[in-house]
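Chemist: Generate a structure from the sequence data that follows.
(chains A and B)
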Amino acid sequence: MDKLPRVKIIHRLMLTDLVEGCRKEDRNAQRKLYEHFHSKMLGICLRYAACREEAVEVLNSSFYKVFKNIHRFDDKKGNVEAWIRTIVTNTAIDRYRKESKRPNTIDLDYAYKESHGSVAVEDLTAGEILKLVQELPPAYRTVFNLFAIEGFSHKEIGERLGISEGTSKSNLAKARKKLQKALSINYEIKRRQHAK
Amino acid sequence: MLNEDFFNRIKSKLSGIEPDFDPGDWAAMEAMLDRKKPIVPLRALRIAAGLALFVLGYLSYSYFSNTENTRHALSYSTAEKSGIAKAAAAARAEKDHALPTMGKATASAQEGEALPQAAKSDAETLQPAMAGKNEAPVSLPAESDLETPGENAAAEMPGPALRMAEKKRNAAYNGSADLQSSLVESPGESIRLVKKESPVIKAGENYVHRAMIPFDAMIPGTVKGRKSWWIGMTAVPGLQYVQNAKGSFARGLVAGMEFARVPLSFEAGILEDRFRYEEAPAARLYLGENHTLSEGTLSGISIPLKAKFYFRSKSRVAPFISTGLTAFIPVKEQYVFSFDMKTTKNQAQPLEALIVRDTFDLPNRPGREINASTTFDFSSKGDITLPDRQGMYLLASAGAGLNFQVNARLGFQMSANYSRSLGGMGLEQRNMKRIDLGMAMHYFIN
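Modeler: Reported below is the predicted structural model:
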C-alpha cells in the first residue's frame, strides 16, 4: 500500500468532511469549500471570460451547480477538484454557447493592425497575457482555451461547442494570429517605454 | 514560432494565475444560494400561454363559424351517417301514396322539403330490397294506438297520417327506423327537449348533489419573499346525482397567487369538464316501444376565476369568504337513445323484440353558448398539521350565488340559486421543494 504524505491525508480528510457538510447544505462547509477552490477555479474562469466580473459570474454559477448536485458526486470514483473543474469548464462553455446565439458585435475592437516581429511571451507578465487572452473575441477565446490549455482535440471542441471541426481549427488559427499580434504590439509598446 | 511551443508558453504563464480570495465573491455566491431559483422556466410559461391562445382561438372559431345554416347542415350529415336518412327517405317515398288513402294528411310541405335530396336516391336503392317484405300482410296499428310523444316534441312531430304511413313502411322491414325518421323530420326538437332538461345548465332548478375528489399537483414558488404563487394540474373525478347517479370528470391547469401582507388570494384555471346525465325516460313515442336509456354527455371548457379573503389567515382555523365567476363553454354534447321496440310482422308471427341504440351529436350546442355563474361562499377551513410535513384540512362552507346564462339561442337568462357545502376534508403533502400534492373530498348541493 502506498504511503501518502501526512499533509495530503489531512487535506483529503478535510475535503471529505467539507463535501459531507455540503451534502447536508451546511453553509459553513459550503463557504469553506468555495474558499478552498476559489483561486484555482477563478483562474480558469478568467481565461474564458472577458473581465473579472464575468469570470466571477461563471465561477458562482459553477459553484451553485456544485452545491446543488453534490449528492451526485462519488468520492470513490474521482477527486472533488477534478469534478469541480469539469463543472467550471462546462459552465464557461455553456455561457459561451448562450452568448454566441446573440447578435455578434465583436471584432471591431480587435482589429489589430498587422505588425511583424517575434512574440516575446516570456517578457510579458501572466496578468498581461491574461488580459490579451480576455480581449480575444469569445469564439476564438473559448477554442483557444479548450485546445491550448485544456488539451481537447478539435473534434471534441466541435462537439462541445456545437461547431464543426473545421470551424474549431479556423477559430484557433485566428486566435493564435490575433494573440501573436497583440503580444507583439504589447511587447513593442513596453520596449519603447523602457527605452525612454 | 511553432504553434505548439507558442501554446505551451502561454499555458505555462496562464496556469500560474490564481487570484486572491475576495469575500465579495462569496457574498454574491451566498445571495445566489439564498435566492430561490424559479422552478417553472420561462419556456414552460410560454408554452402554457401558447396553449391557452390555441384553445381560445379554437373556441372563438367555433363560436363565430357555427351559424344557423351550418348547424342544420351538420344535423343532416349526422343523420345521413347514422343511416337515418335512408329510412326517412323510404318513408317519404311512401308518403305520396299513403297520404291520400289515410285522408288526414297534416304534414306540411316544409317537412318534405327538409329532407335532403340525396335521400331520394337512397330511397330508390332501398325499394328492391324491401319489395319482397312488402308482400307480407301487415297489421297496421289503429290510430288510437299512437301515443303522444311528449309535450315539447308533439308540436314538431309529423302528422298522424304521415306517422301511420311511416309505420306501415317500417313495420314492413324492421320497424327500427320509426323513431329515427321522426328525428330526421325534426332533428333539433327532440334533442332540444333533452337540452332543456339538462341538470348541468339549469342547476338552479334542480337539486344536484355532487361529490368531488380533487387531486392536485401544484408547484409552489415565491416572488421576492412577499407573494407566493402556485401552478399545477388538477384532476377532479366526481359523482353527481339528479335522477340517477352519474360520474363526471374535470381536468386542467390551475394557477394562483397569494399575498403575504394582504390576506387575499386569487386563483384562475382552465379545465376540461365532462358531465354525464340521465333524464327521466321520455314518453313512449309509439305503442310497443320501451324507452330504456337516455344518457347525455356534455363536455366543455370551464374557466373559473376565484378570489379569497381570509379573516384570520395565520391561525389554524382560517375562515374565509370566496367569490368568483365561472364560465362554462360547451364544446360537445352527445346523446344516446336506447329503446326496445316490440312489433309484429304479421298476426301469425310472434312478437319480435328489437333493441335500437343510436348516438347523436347534439346540433345546437357547440360553441354557441356561454354559461357563466357567480357564487359567494362563506367558508371556514381548519388546518391540522400532521408530522412529517403532511397537512390535513377540514372544510365547511355555505354559499349563495347567482346563476346567469348567456345563450345564443335562448338569450340572456338569470336565476338565483343557493348552494351549500356540507363539508370537505383533504390531505396535503406540503412544503415539498418542487411539488405539493393534495386530495380532498367535497360534497355540496346546488
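
Chemist: alpha carbons only for contacts and neighbour counts from here, please
Modeler: Fine.

Chemist: Quick check: closest non-adjacent residue to A:Ala175.
Modeler: A:Tyr140 (5.0 Å; CA to CA, 6 or more residues apart in numbering or on different chains).

Chemist: Next: A:Asp75.
Modeler: A:Thr16 (7.8 Å).

Chemist: Give me the distance between the residue nearest to A:Ala175 and A:Ala49.
Modeler: 12 Å (CA to CA, to the nearest Å).

Chemist: quick one on the thing from earlier: the residue nearest to A:Asp75 falls within a helix, correct?
Modeler: Yes - under DSSP: H, G, I helix; E, B strand; the rest coil, A:Thr16 sits within a helix.

Chemist: Measure how buried it is and give me the count.
Modeler: A:Thr16 has 15 neighbours, counted by other CA atoms under 10 Å in any protein chain shown.

Chemist: now do A:Thr86
Modeler: Neighbour number of A:Thr86 under other CA under 10 Å is 13.

Chemist: Just the pLDDT for it.
Modeler: What the model reports as pLDDT for A:Thr86 is 89.

Chemist: Check the one 5 residues further on too.
Modeler: Note for A:Thr91: predicted pLDDT of 89.

Chemist: For the one residue in chain B that gets nearest to chain A, give me phi and psi.
Modeler: Here chain B gets closest to chain A at one residue, B:Glu18, 4.7 Å apart by CA to the nearest CA. Dihedral pair for B:Glu18: phi -140, psi 90, per degrees, to the nearest 10.

Chemist: Next, the contact list for it, please.
Modeler: A:Ser39, A:Lys40, A:Met41, A:Leu42, A:Gly43 (CA atoms under 8 Å, 6 or more residues apart in numbering or on different chains).

Chemist: Pull out the CA atoms of the one helix or strand the residue nearest to A:Ala175 maps to and give them to me as CSV.
Modeler: Here A:Tyr140 sits within helix A:138-144, counting by DSSP states H and E. C-alpha atoms of helix A:138-144 as CSV (Å, rounded to 0.1, in the frame of the first residue of the first chain):
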residue,chain,number,x,y,z
PRO,A,138,-15.4,34.9,-27.3
ALA,A,139,-15.4,32.3,-30.1
TYR,A,140,-11.7,32.5,-30.5
ARG,A,141,-11.0,32.7,-26.8
THR,A,142,-13.1,29.6,-26.0
VAL,A,143,-11.5,27.5,-28.7
PHE,A,144,-8.1,28.7,-27.7
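
Chemist: Give me the contacts around it.
Modeler: A:47-50, A:93, A:96, A:100, A:133-134, A:157, A:168, A:171-172, A:174-176.

Chemist: Could you turn the buried ones of these into a ChimeraX selection?
Modeler: In ChimeraX, this line selects whichever of those come out buried by 16 or more other CA atoms under 10 Å in any protein chain shown:
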select /A:47,48,49,50,93,96,133,134,157,168,171,172,174,175,176
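
Chemist: okay, who's weakest in the contacts of helix A:138-144 by pLDDT?
Modeler: Ranking the contacts of helix A:138-144 by pLDDT, A:Ser100 lands last with 65.

Chemist: Residues of chain A that sit close to chain B?
Modeler: Within chain A, the positions adjacent to chain B are A:31, A:34-35, A:38-43, A:56, A:60, A:63-64, A:118, A:121-122, A:125-127, A:129-130, A:148-149 by CA under 8 Å from any CA of the partner chain.

Chemist: In helices only, show me those residues.
Modeler: A:31, A:34-35, A:38-43, A:56, A:60, A:63-64, A:126-127, A:129-130 (DSSP state H).

Chemist: Could you pick out the buried ones from the residues you listed?
Modeler: Buried among these (16+ other CA under 10 Å): A:31, A:34-35, A:38-43, A:56, A:60, A:63-64, A:126, A:129-130.

Chemist: quick one: secondary structure of B:Lys306?
Modeler: strand.

Chemist: For it, give its distance to B:Ser228.
Modeler: B:Lys306 is 16 Å from B:Ser228, by CA to CA.

Chemist: For the chain, give me the ranges with low pLDDT.
Modeler: Just so you know, I chose chain A. Residues of chain A that meet the criterion pLDDT under 70 lie in A:1-13, A:100-122, A:196.

Chemist: not quite, I wanted chain B
Modeler: B:1-3, B:36-45, B:55, B:58-210, B:222-227, B:241-244, B:260-261, B:277-294, B:312-319, B:333-446.

Chemist: excluding its backbone neighbours, what's nearest the residue of chain A found nearest chain B?
Modeler: Going by CA to the nearest CA, chain B is nearest to A:Ser39 of chain A, at 4.7 Å. Using CA to CA, 6+ apart and skipping the chain neighbours, the partner closest in space to A:Ser39 is B:Glu18 (4.7 Å).

Chemist: next one: B:Ala255
Modeler: Distances taken as CA to CA, 6+ apart place B:Ile231 nearest to B:Ala255, at 4.2 Å, with adjacent residues excluded.

Chemist: show me the contacts for that neighbour.
Modeler: By CA under 8 Å, 6+ apart, the neighbours of B:Ile231 are B:Met218, B:Ile219, B:Pro220, B:Leu253, B:Val254, B:Ala255, B:Gly256.

Chemist: Return the list of helices and strands in contact with the strand or helix carrying the first one.
Modeler: Which is B:Met218. In this assignment (DSSP H and E), B:Met218 forms part of strand B:215-223. Using 3 or more CA pairs under 8 Å, 6 or more residues apart in numbering or on different chains; DSSP states H and E as the contact test, the elements touching strand B:215-223 are strand B:227-241, strand B:436-445.

Chemist: Quick one: the helices in chain A, in order.
Modeler: Using DSSP H, helices in chain A cover A:6-23, A:27-48, A:52-68, A:80-100, A:126-134, A:138-144, A:154-161, A:165-195.

Chemist: Can you name the residues in contact with the second one?
Modeler: Contacts with helix A:27-48, where a contact means CA under 8 Å, 6+ apart, come from A:15, A:18-19, A:21-22, A:52, A:54-56, A:58-59, A:63, A:67, A:81, A:85, A:88-89, A:92, A:130, A:133-134, A:138, A:141-142, A:145, B:15, B:17-21, B:26.
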